[in-house]
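# Take a look and give me a structure for this.
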Amino acid sequence: MGDVKRRRIDELAARAGQVPEGEGGVSLTRSAFRRLRRDPVAIIGAVIVVTFLLVALFAPWLAPRDPLAQTLLSQIRPGLIPGSQEGFPLGVDNLGRDLLSRLIYGSRQSLMIGVVSTVLGVAAGMALGIIAGAFGGWVDTVVMRFVDILLSIPGLLMAISISVLLGQNQYALMIAIAVTQVPIFARLLRGSMLVQRGSDYALAARALGIRKRRIVFGHVLPNSLSPVIVQATLSLATAIIEAAALSFLGLGDPDLARPEWGAMLANAQAFLSVRPELAVYPALCIIVVALGFTLLGESLREALDPKFRR
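This is a model prediction of the structure:
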């Protein structure tokens, strides 16, 4: 009899993740994927993101030269930085290093910082959201007041403060960006879990005496993750922009020779009158990649949001 009750609860929980109308009972995930394949905005975003990932992963094979080699240093003169020429499609920087190779290798730094900081932010935010959404009561009040305090501080200001306190290194940079994302994921998951806690399958499970842990982790949490996944995609774009901003302010990687888009943008400020392309190329990389993650995230949100179902 107990197994029959559990199966009934599982069926009710599964229905919470299905599209009830016009999709023939197809799961929400499969229905969302079908809509994404027909959405040109999602396709453009996915192409940009996949291209960025491939460039970052295969940078050693795609870069035509060593990004640290000062190959054309002898041609650098005051007021003269060589532009595009044979073997150097985008020219060189102020130290004679191949600009294209540095942009390609810079994508690896941006990818690592963006992914690690977002994963840390998601993990910590989900932990707080689960605690608040599962227990409720005074626990929910305490956690949410802490989250409100974090939200009251401007994100970039908080990231700068944490970076200064922890020192100038990549780990401090990733932790600083992750902390700014924690309250967003905590509040998002908590709200989603509160909605799911009041659904039919959760009420039926409590009426049948099923343990709270099984209800939370077996049914409520899995059905609450869709908005978190969407926000994680959007947060990757924010993380890349914030990493570039902190590097631009001198709070990023202390190794200035290591290519990173934000650091390249900051270094180019002194040479804007000589060769503005040194700032234009890394800025375009940041803009295009952030746009790709934003387009993909917005398309995911529309595909998974019930208000947009047809």
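# Nearest residue to residue 260 in space, please, no chain neighbours.
What sits nearest to residue 260 in space, not counting adjacent residues and going by CB to CB, 6 or more residues apart in numbering, is residue 109, at 4.2 Å. In short, each C-beta sits where N, CA and C put it, glycine included.
# I'd guessed that neighbour sits against residue 244; true?
No - shown here, residue 109 and residue 244 do not form a contact pair, counting by CB atoms under 8 Å, at 9.9 Å.
# who's more crowded, those two?
residue 244 (30 against 24; other CB atoms under 10 Å).
# Quick one, grab the pLDDT at that one.
The predicted local confidence for residue 244 comes out at a pLDDT of 86.
# ditto for residue 233
So, for residue 233, pLDDT stands at 86.
# In a helix, the residue nearest to residue 260, correct?
Yes - the assignment for residue 109 is a helix, going by DSSP: H, G, I helix; E, B strand; the rest coil.
# Contact partners for it?
Taking CB atoms under 8 Å, 6 or more residues apart in numbering as the criterion, residue 109 is in contact with 253, 258-261.
# Most neighbours out of the residues you listed, which is it?
For those, neighbours were counted by other CB under 10 Å; the highest total belongs to residue 260, with 29 neighbours.
# Would you agree it is in contact with residue 253?
Yes - at 5.8 Å, residue 260 and residue 253 qualify as touching, with contact defined as CB under 8 Å.
# Now for these two: what residues contact both?
109, 247.
# Report the buried residues of stretch 131-140.
Judged by neighbour count using 16 or more other CB atoms under 10 Å, the buried positions of stretch 131-140 are 131-134, 140.
# got the contact list for it?
When contacts are defined by CB under 8 Å, 6+ apart, stretch 131-140 is touched by residues 143-144, 147, 186, 189-194, 197, 212, 216, 220, 224.
# Tell me where the stretch 151-300 of the chain has helices.
Along the stretch 151-300 of the chain, the stretches classed as helices by DSSP state H, counting those that start in this stretch are 155-166, 170-197, 200-207, 212-215, 226-248, 261-267, 277-304.
# okay, those in CSV with distance to residue 67 next?
Listed next are those as CSV, based on distance: least, CB to CB, whole Å:
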stretch, distance to residue 67
helix 155-166, 24
helix 170-197, 17
helix 200-207, 54
helix 212-215, 51
helix 226-248, 16
helix 261-267, 10
helix 277-304, 13
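# Quick check: residue 166 touching residue 177?
No - under the criterion of CB under 8 Å, residue 166 lies out of contact with residue 177, with a separation of 11.8 Å.
# Check the buried residues of stretch 131-140 and tell me the two furthest apart.
With distance counted by CB to CB, no two of the buried residues of stretch 131-140 lie farther apart than 134 and 140, which are 9.0 Å apart.
# Quick check: the closest residue to residue 215 other than its chain neighbours vs residue 294, distance?
Nearest residue to residue 215 in three dimensions, chain neighbours excluded: residue 205, at 4.8 Å (CB to CB, 6+ apart). Between residue 205 and residue 294 the distance, using CB to CB, to the nearest Å, works out to 38 Å.
# Could you do residue 134 as well?
From residue 134 over to residue 294 (counting by CB to CB), the distance is 31 Å.
# that older thread, between residue 205 and residue 294, which is the more surrounded one?
residue 205 (25 against 18).
# which one among the buried residues of stretch 131-140 gets closest to residue 34?
Nearest to residue 34, judged by CB to CB, of the buried residues of stretch 131-140 is residue 133 at 29.8 Å.
# which non-adjacent residue is nearest that closest one?
Leaving out its chain neighbours, the residue that sits closest to residue 133 by CB to CB, 6+ apart is residue 193, at 3.0 Å.
# repeat for residue 46
If the residues on either side of it in the chain are set aside, residue 46 comes closest to residue 296, at 5.7 Å by CB to CB, 6+ apart.
# Contacts only, for that neighbour.
Contacts were defined as CB under 8 Å, 6+ apart; by that measure residue 296 touches 42, 45-46, 48-49, 233.
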